Every structure is written in C-alpha cells, then in structure tokens.
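Engineer: this one's structure only:
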C-alpha cells in the first residue's frame with residue numbers, strides 16, 4: 001500500500017489529468033490493444049475447462065444462469081455490459097443496487113470461492129476481446145455509483161480517459177477495502193504513470209493477490 005502522504009500527492013494529480021497528453025501515448029495504447037487481444041484469447045483457451053467446471057457447479061448450487069451481465073461505465077463514459085460468473089443469488093439486488101460488503105450474505109457458497117480466487121473475473125476477457133476493456137486499467141463502475149461518486153468526489157470521472165481493466169493499480173492496492181476517493185487516487189496515479197513496466201508490476205501484484213485471496217468479498 002502507498003503511504004498516506006503519497007496518497008494525498010496522488011489525489012492532487014486530478015487537477016493535472018486534463019492536461020495529460022494522451023496522444024503522446026498512442027503507440028503504447030496501440031501495442032497494449034494488440035497484447036490485450038492476444039493474451040485474452042490465450043487466457044480464455046487455457047481457462048475454458050475451469051470455466052466449464054464452475055458453470056456446472058454454479059447451476060447445481062442455485063437457480064439462475066452461470067454467467068451474468070451488468071452495465072458498467074467504460075472509456076469516455078460509454079456504458080457496456082461486463083460479463084462475469086454469477087457469484088450471488090439471482091435475487092441479490094431485488095431491493096436495488098448495493099455496494100459489495102465483507103462477508104456479503106448475497107454471495108453463494110461457490111460464489112465465495114470464485115470471488116476469493118478471482119475466477120469470476122475470467123469472463124471479462126470476452127469484454128477485452130470486444131475492445132470494451134483492457135487487461136489493466138481502472139475498475140469499471142456501475143452507472144449509478146459513477147454518478148454518485150462524481151457528485152461526491154470532484155474529478156471522479158477523470159478515470160474514464162482510459163479503458164477500464166480486469167485488474168489495475170487500485171485493485172491490487174486494496175481492492176474492495178479502499179474508499180472511492182482512494183480508488184480515484186490510485187487510478188489517477190496509474191494514468192499519469194502508465195507504462196509497460198508499471199503494467200508488468202500490476203500483473204505480478206495481481207498474481208500475489210489471487211494466490212493470497214487478499215481484498216476479496
């Protein structure tokens with residue numbers, strides 16, 4: 001985790017994000033899109049037996065589809081449908097959208113397993129193939145929460161200048177445990193310092209998070 005002083009410095013960069021010359025990163029974005037596509041195909045091929053197994057278990061444990069889609073906010077504020085393995089009961093949000101919580105009672109038994117191991121995130125590789133997401137970037141939020149956070153936190157939508165990611169700097173530095181403001185701080189830090197070196201660092205930290213189960217809900 002970054003210390004509090006550095007976090008505050010990162011948050012201050014929200015004022016400079018609009019001045020970031022994204023055009024100077026065009027070769028990085030182009031190469032990254034190719035890498036995303038290739039790795040997403042490889043990832044889906046390798047993980048297909050695991051996905052099939054858990055699809056069967058999910059269907060056996062509770063009613064409802066094995067996969068579910070949910071509207072999220074993507075690049076430049078364009079909404080898309082994120083794809084995941086279902087980890088909650090089908091009536092989990094009968095009372096409306098809710099923020100994920102620790103030991104969430106809406107999560108099924110197998111849902112707890114796939115969340116802890118991040119297996120539920122694998123289908124998002126389909127979103128990567130469709131060009132809606134990148135392997136690495138800010139976590140895509142739901143429209144209702146994006147609107148709420150943007151009203152409460154100045155500059156929250158500045159994180160939408162890049163594609164959302166399956167994993168990212170905020171995800172590996174606290175995941176669900178950090179506040180929306182802290183999430184913005186990490187996302188802006190990544191956007192202002194994005195490089196292949198940092199992407200590799202995030203991938204390594206993601207592997208550690210998956211192995212330890214830290215930050216899962």
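Structural biologist: It's in. Keep in mind it's a predicted model, so treat the numbers as computed, not measured.
Engineer: switch to C-alpha atoms for all contacts and neighbour counts from now on
Structural biologist: OK.
Engineer: got the buried residues for the host helix or strand of residue 34?
Structural biologist: In the assignment (DSSP states H and E), residue 34 maps to helix 26-61. Residues 29, 32, 33, 36, 37, 39, 40, 44, 51, 54, 55, 58 are the ones in helix 26-61 that count as buried (16 or more other Cα atoms under 10 Å).
Engineer: how near is residue 136 to residue 65?
Structural biologist: Separation of residue 136 from residue 65 (Cα to Cα, to the nearest Å): 27 Å.
Engineer: so between those two, which is more surrounded?
Structural biologist: residue 136 (25 against 12; other Cα atoms under 10 Å).
Engineer: that one - nearest residue in space that isn't next to it in sequence?
Structural biologist: Closest residue to residue 136 apart from its sequence neighbours, by Cα to Cα, 6 or more residues apart in numbering: residue 165 at 4.2 Å.
Engineer: surely that neighbour touches residue 139?
Structural biologist: Yes - using Cα atoms under 8 Å, residue 165 is in contact with residue 139, at 5.6 Å.
Engineer: contacts for the helix or strand harbouring residue 82?
Structural biologist: According to DSSP H and E, residue 82 maps onto strand 79-85. Outside strand 79-85, the residues that touch it by Cα atoms under 8 Å, 6 or more residues apart in numbering are 55, 66-74, 119-124, 126-127, 132, 143.
Engineer: and with 10 Å instead?
Structural biologist: The contact list for strand 79-85, computed with Cα atoms under 10 Å, 6 or more residues apart in numbering, reads 51, 54-55, 58, 65-74, 111, 114-115, 118-128, 132-133, 140-143.
Engineer: ok so, going back, and the angle from the next helix or strand after the helix holding residue 34 to strand 79-85?
Structural biologist: The helix or strand immediately downstream of helix 26-61 is strand 67-73, counting by DSSP H and E. Angle between the axes of strand 67-73 and strand 79-85 is 150 degrees (criterion: axes from the mean of the first three to the mean of the last three Cα atoms, to 10 degrees).
Engineer: in strand 67-73, which residues are buried?
Structural biologist: For strand 67-73, by 16+ other Cα under 10 Å, it's 67, 68, 72, 73.
Engineer: what lines up beside it in the sheet?
Structural biologist: Partners of strand 67-73 in the sheet, by DSSP bridges, are strand 79-85 (antiparallel).
Engineer: quick one: buried residues of the partner strand?
Structural biologist: So strand 79-85, judged by 16+ other Cα under 10 Å, has buried residues 79, 80, 81, 82, 83, 84, 85.
Engineer: save those residues as JSON lines, and put in distance to residue 205 and pLDDT too.
Structural biologist: What follows is the buried residues of strand 79-85, written out as JSON lines (distance: Cα to Cα, whole Å; pLDDT from 0 to 100):
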{"residue": "79", "distance to residue 205": "28", "pLDDT": "97"}
{"residue": "80", "distance to residue 205": "27", "pLDDT": "97"}
{"residue": "81", "distance to residue 205": "26", "pLDDT": "97"}
{"residue": "82", "distance to residue 205": "23", "pLDDT": "97"}
{"residue": "83", "distance to residue 205": "23", "pLDDT": "96"}
{"residue": "84", "distance to residue 205": "21", "pLDDT": "95"}
{"residue": "85", "distance to residue 205": "23", "pLDDT": "93"}
